[in-house]
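Trainee: Sequence first, then the predicted structure, then my questions.
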Amino acid sequence: MPQLNPHPWFAILLSSWVIYLTILTPKVNNFKYQNNPNLQNTQKEKMQPWNWPWT
């Protein structure tokens, strides 16, 4: 059964992970966000009652 022989696919798996971890990860981490997140105000706004015009 050829699928039980780990020699052909294990080297491909190992080399692809090495390439991913050494080349692709720094390239992905170098991307900058276009919109930097802003800190939100933690204080709640005071709710105003809505005055209905017909009451």
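Mentor: In hand now; what should we look at?

Trainee: The longest helix that the chain contains: what's the following helix or strand?
Mentor: Longest helix in the chain, counting residues (DSSP state H): helix 7-19. On the C-terminal side of helix 7-19, the closest following helix or strand by DSSP states H and E is helix 25-29.

Trainee: same question for the longest helix of the chain, mean pLDDT?
Mentor: When pLDDT is averaged over helix 7-19, the result is 88.

Trainee: With just CA atoms, put it into CSV.
Mentor: C-alpha atoms of helix 7-19 as CSV (Å, rounded to 0.1, in the frame of the first residue of the first chain):
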residue,chain,number,x,y,z
HIS,A,7,8.7,9.0,2.4
PRO,A,8,7.2,10.8,-0.6
TRP,A,9,4.6,12.9,1.1
PHE,A,10,6.4,13.7,4.4
ALA,A,11,9.2,15.6,2.7
ILE,A,12,6.7,17.6,0.7
LEU,A,13,4.7,18.4,3.9
LEU,A,14,7.7,19.4,5.9
SER,A,15,9.1,21.6,3.1
SER,A,16,5.8,23.3,2.5
TRP,A,17,5.6,24.1,6.3
VAL,A,18,9.1,25.4,6.3
ILE,A,19,8.4,27.7,3.4
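
Trainee: just how off-centre is it within its chain?
Mentor: Remark: helix 7-19 is offset 25 Å from the chain centroid, using CA atoms, centre = their mean, to the nearest Å.

Trainee: got it, and stretch 37-55?
Mentor: Centre to centre, stretch against its chain (CA atoms, centre = their mean), the figure for stretch 37-55 is 32 Å.

Trainee: List the contacts of it.
Mentor: The contact list for stretch 37-55 (CB atoms under 8 Å, 6 or more residues apart in numbering) is empty. Heads up, the C-betas are built off the backbone N, CA and C, glycines and all.

Trainee: Kindly export it (C-alpha atoms) in PDB.
Mentor: The C-alpha atoms that make up stretch 37-55 are tabulated as PDB, following Å, rounded to 0.1, in the frame of the first residue of the first chain:
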ATOM      1  CA  PRO A  37      -9.000  51.200  15.300                       C
ATOM      2  CA  ASN A  38      -9.800  54.000  17.600                       C
ATOM      3  CA  LEU A  39     -10.500  53.700  21.300                       C
ATOM      4  CA  GLN A  40     -14.200  54.000  22.000                       C
ATOM      5  CA  ASN A  41     -15.600  56.100  24.800                       C
ATOM      6  CA  THR A  42     -16.700  53.800  27.700                       C
ATOM      7  CA  GLN A  43     -19.200  56.200  29.200                       C
ATOM      8  CA  LYS A  44     -22.800  55.700  28.200                       C
ATOM      9  CA  GLU A  45     -24.700  58.600  26.800                       C
ATOM     10  CA  LYS A  46     -27.700  59.600  28.800                       C
ATOM     11  CA  MET A  47     -30.900  58.600  27.100                       C
ATOM     12  CA  GLN A  48     -33.400  61.300  26.400                       C
ATOM     13  CA  PRO A  49     -37.100  60.400  26.300                       C
ATOM     14  CA  TRP A  50     -38.700  60.900  22.900                       C
ATOM     15  CA  ASN A  51     -41.600  63.300  23.000                       C
ATOM     16  CA  TRP A  52     -44.300  62.100  20.700                       C
ATOM     17  CA  PRO A  53     -45.900  65.000  18.800                       C
ATOM     18  CA  TRP A  54     -49.500  63.700  19.200                       C
ATOM     19  CA  THR A  55     -49.500  63.200  23.000                       C
END
